[in-house]
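K.L.:
sequence-free structure coming up:
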């Protein structure tokens, strides 16, 4: 057990260092980008004078030494406090802007819940679909049905998340009127027209489906290969020889052994999944992290750097924490791996979608 | 040359891989030569606007349509229909129909779009290789402190939300680099997008090459080369590089496929090349809208063809490149049994 713990501690430290590195790099990159933060404080002044800029920077607290700001930022991160937005909401012409922006943490928590609902639910649907299909195809590799399953699943890789989202929405909402058009219903309720679990699920059904279709190809292929590699092993033959039915051999002997590779795959695809979330969230009008981050960065509005830094931090943290969770699962499921590290796994072709 | 001949022999036996090789070659040929040839035969190019190729509700015509070759409309009739063109107007043929309300030739735009998309994808892979090879060699062959730095950098980059940084960089650097382009062959913004994609995906070849070199540098032939006094550069270039070629080839095929999808993603965010320039991404995003304005389904304007044709090309290119990579990996690996 001590080996496992040592392994997990090592991974946790590496993850924490990665997050710290990301915070530092983001800090440097974003402060090196040319922006004019003072315009947030003086939205109605057409030409900012040197005084406006100085005073604006002072109000935003960015005239302090960079080192102080950095240390301040990092210490606040430990308390899950991201400070205030620079944007101050709507300001009447001729009126001064509000003294302070909105607290970022509250917005971010809400967005995080949306994205996590999408990610976790989507992952569940993917597994529910891909394990049976992959097992089916993997146990008859090279046959026509195997080729068909692989080929059909590949369509998910080649159709872009955006196209697929709009297509799924047009079909199930536009044509069939089965589901609401989009939007998000918090699980806790509290919004008009939303009452807990059932509304939450119906609003997320289409995003989950889209998400699942996109990742189906990857996982079906992965499960298929793992199954095919496990099939000729001795313990499978032994199980057969003892008279187990092929269904029982699959569920009790092959799948548990192939499961580890599927787990690796999930660990490696968290980043990709977040990239897919950008498009799915945008198409279904879900106020999630990924699409908000792209909106904030794409320059359609002025760059609100504290918001962007908070979003980048949270997204990277999801990736790092997700990887750590997978490592932990490993170490528990197969303690041998703690000695030699993770098994190698190829990265998927869709890795580039992010 | 013997290993190469062995590889080729294995490749030739693999039907699926040979098929995908032919498909990749076809897509390349169609993309780079198809556009000009089709323009010459059909008498219009991918930028010519044919108002008669879209109905009054802005619904573009379907495949295999014959429309008047007129780049203006003759006005409306009293009943609100498009007035018939002047007498004697020659007709022109649209193989895949029109691309949208503007009425450009979808067929030529898909071919031209393939050219631009593949230029970006291949350029991105080359850029990634140009960055990844020196870094990977530094990490894997020279080693020491350089290796530590390279490993840390790639580890950090891999945890980054890359798409976000790609968007950020494209938007921020837009005004400086988008204008770089050379005529029809390299439309504005292609070089910039290839460089950015290459930069942000270069960690992958870096890791691959580093891992491969870490194994290879213990090999006896490297020791032998060093013993007879070959410099490090010479050892790397003439003894190690040939062993890296298979790894690079297998990676490159997948990287091009991935970059094609990345380009589509950037188009949907509006951070790609100009919308008027045809790429597979911009063809799809003009139909489906960008991230900021997803199009809603409108039965009066919508035809499936503007999605079907680019998607079909993307599908063929991506699937066959992936299969090619897989086949190459098996053919190049002396230990596979088939």
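P.N.:
Structure's in. What do you need? All figures in this text were calculated on a predicted structure; none of them were measured in a lab.

K.L.:
make it CA atoms for all contacts and neighbour counts henceforth
P.N.:
Fine.

K.L.:
need the nearest residue in space to the spatially most central residue of chain A, chain neighbours excluded.
P.N.:
Geometric centre of chain A, nearest residue: residue A:274, 3.1 Å, by CA atoms, centre = their mean. Distances taken as CA to CA, 6 or more residues apart in numbering or on different chains put residue A:290 closest to residue A:274, at 6.5 Å, once the chain neighbours are dropped.

K.L.:
wait, what's in contact with the one you found?
P.N.:
A:115, A:274, A:275, A:277, A:278, A:281, A:315 (CA atoms under 8 Å, 6 or more residues apart in numbering or on different chains).

K.L.:
which helix or strand contains residue B:67?
P.N.:
Per DSSP states H and E: residue B:67 is located in strand B:65-68.

K.L.:
partner strands of that strand, parallel or antiparallel?
P.N.:
Sheet pairing for strand B:65-68, assigned by DSSP bridges, gives strand B:91-94 (antiparallel).

K.L.:
let me know the average pLDDT across the partner strand.
P.N.:
Per-region confidence: strand B:91-94 scores 78 on mean pLDDT.

K.L.:
next SSE after it?
P.N.:
Assigned by DSSP H and E, the successor of strand B:91-94 is helix B:106-137.

K.L.:
what are the buried residues along stretch B:326-335?
P.N.:
When burial is assessed from 16 or more other CA atoms under 10 Å in any protein chain shown, stretch B:326-335 yields the following buried residues: B:326, B:327, B:328, B:329, B:330, B:331, B:332.

K.L.:
same check on stretch A:317-334?
P.N.:
In stretch A:317-334, counting by 16+ other CA under 10 Å, buried: A:317-324, A:326-328, A:330-331.

K.L.:
for stretch A:252-268, same thing?
P.N.:
So for stretch A:252-268, counting by 16+ other CA under 10 Å, buried means A:253, A:254, A:255, A:258, A:260, A:261, A:262, A:264, A:265, A:266, A:267, A:268.

K.L.:
so which bits of chain B are right by chain A?
P.N.:
B:155-156, B:159-164, B:167-168, B:171-172, B:254-255, B:257-259, B:261-262, B:264-265, B:268, B:271, B:284, B:288, B:291-292, B:294-297, B:311, B:314-315, B:318-319, B:322 (CA under 8 Å from any CA of the partner chain).

K.L.:
which among the residues you listed count as buried?
P.N.:
Of those, these count as buried by 16+ other CA under 10 Å: B:155-156, B:159-164, B:167-168, B:171-172, B:254-255, B:257-259, B:261-262, B:264-265, B:268, B:271, B:284, B:288, B:291-292, B:294, B:296-297, B:311, B:314-315, B:318-319, B:322.

K.L.:
count the residues that sit near the closest residue in space to residue B:279 that isn't next to it in sequence.
P.N.:
Distances taken as CA to CA, 6+ apart put residue B:113 closest to residue B:279, at 3.5 Å, once the chain neighbours are dropped. Neighbourhood size, residue B:113 [other CA atoms under 10 Å in any protein chain shown]: 25.

K.L.:
hang on, isn't residue B:113 packed against residue B:32?
P.N.:
No. With contacts counted by CA atoms under 8 Å, residue B:113 stays clear of residue B:32, the gap being 9.6 Å.

K.L.:
tell me the average confidence for the helix or strand containing residue A:214?
P.N.:
According to DSSP H and E, residue A:214 maps onto helix A:197-230. When pLDDT is averaged over helix A:197-230, the result is 82.

K.L.:
for it, packing partners?
P.N.:
helix A:104-138, helix A:144-158, helix A:161-169, helix A:255-268, helix A:270-283 (3 or more CA pairs under 8 Å, 6 or more residues apart in numbering or on different chains; DSSP states H and E).

K.L.:
and stretch B:129-149, how far apart are its ends?
P.N.:
19 Å (CA to CA, to the nearest Å).

K.L.:
touching that stretch from outside, list them.
P.N.:
Contacts of stretch B:129-149 (CA under 8 Å, 6+ apart): B:150-151, B:198-199, B:202-214, B:217.

K.L.:
kindly recompute the last result at 6 Å.
P.N.:
B:150, B:202, B:205, B:206, B:209, B:210, B:213, B:214 (CA atoms under 6 Å, 6 or more residues apart in numbering or on different chains).

K.L.:
in what helix or strand does the residue in the stretch 51-200 of chain B that chain A sits nearest to lie?
P.N.:
Using CA to the nearest CA, the single residue of the stretch 51-200 of chain B nearest to chain A is residue B:163, 4.8 Å away. Here residue B:163, judged by DSSP H and E, is contained in helix B:162-177.

K.L.:
now find how far off-centre that helix is within its chain.
P.N.:
18 Å (CA atoms, centre = their mean, to the nearest Å).

K.L.:
what does stretch B:13-30 give?
P.N.:
16 Å.

K.L.:
same thing with stretch B:119-132?
P.N.:
10 Å.

K.L.:
avg pLDDT for that stretch?
P.N.:
94.

K.L.:
so what's residue B:205 up against?
P.N.:
residue B:132 are the contacts of residue B:205 under CA under 6 Å, 6+ apart.

K.L.:
at 10 Å what do you get?
P.N.:
B:125, B:128-133, B:135-136, B:211, B:247-248, B:251-252, B:255 (CA atoms under 10 Å, 6 or more residues apart in numbering or on different chains).

K.L.:
swap in residue A:242?
P.N.:
residue A:236.

K.L.:
least confident secondary structure element in chain A?
P.N.:
In chain A, no helix or strand scores lower on mean pLDDT, DSSP states H and E than helix A:336-340, which sits at a mean of 60.

K.L.:
can you list the low-confidence ranges for the chain?
P.N.:
You didn't pick a chain, so chain A it is. Residues of chain A that meet the criterion pLDDT under 70 lie in A:1, A:91-97, A:154-158, A:189-193, A:299-301, A:336-354.

K.L.:
not quite, go with chain B.
P.N.:
Using pLDDT under 70, the flagged stretches of chain B are B:1-2, B:74, B:78-80, B:83, B:159, B:161, B:174-185, B:294-300, B:334-338.

K.L.:
how about the helices of it, start to end?
P.N.:
All helices of chain B, identified by DSSP state H, fall at B:2-13, B:15-29, B:35-42, B:106-137, B:145-159, B:162-177, B:190-201, B:203-216, B:220-227, B:232-234, B:241-269, B:280-288, B:305-332.

K.L.:
please tabulate the ones you listed in a markdown table, including the columns distance to residue B:60.
P.N.:
Putting those into a markdown table (distance: least, CA to CA, whole Å) gives the following:
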| stretch | distance to residue B:60 |
| --- | --- |
| helix B:2-13 | 44 |
| helix B:15-29 | 25 |
| helix B:35-42 | 18 |
| helix B:106-137 | 10 |
| helix B:145-159 | 43 |
| helix B:162-177 | 31 |
| helix B:190-201 | 28 |
| helix B:203-216 | 42 |
| helix B:220-227 | 63 |
| helix B:232-234 | 59 |
| helix B:241-269 | 21 |
| helix B:280-288 | 11 |
| helix B:305-332 | 9 |
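
K.L.:
enumerate every residue touching residue A:152.
P.N.:
A:216, A:217.

K.L.:
ugh, wrong one, residue B:280
P.N.:
B:109-118, B:260-261, B:263-264, B:267, B:307, B:309-311, B:313-314.

K.L.:
just the buried residues of stretch A:317-334 that are near chain B?
P.N.:
Among the buried residues of stretch A:317-334, the residues within reach of chain B (CA under 10 Å from any CA of the partner chain) are A:317, A:318, A:319, A:320, A:323.

K.L.:
among those, which are in helices?
P.N.:
Those of these lying in helices (DSSP H): A:317, A:318, A:319, A:320, A:323.

K.L.:
for the closest residue to the last one other than its chain neighbours, give me its contacts.
P.N.:
The shortest distance from residue A:323 to any non-neighbouring residue, by CA to CA, 6+ apart, is to residue A:267 (5.2 Å). Applying CA under 10 Å, 6+ apart to residue A:267 gives the contacts A:261, A:319, A:320, A:321, A:322, A:323, A:324, A:325, A:326, A:327.
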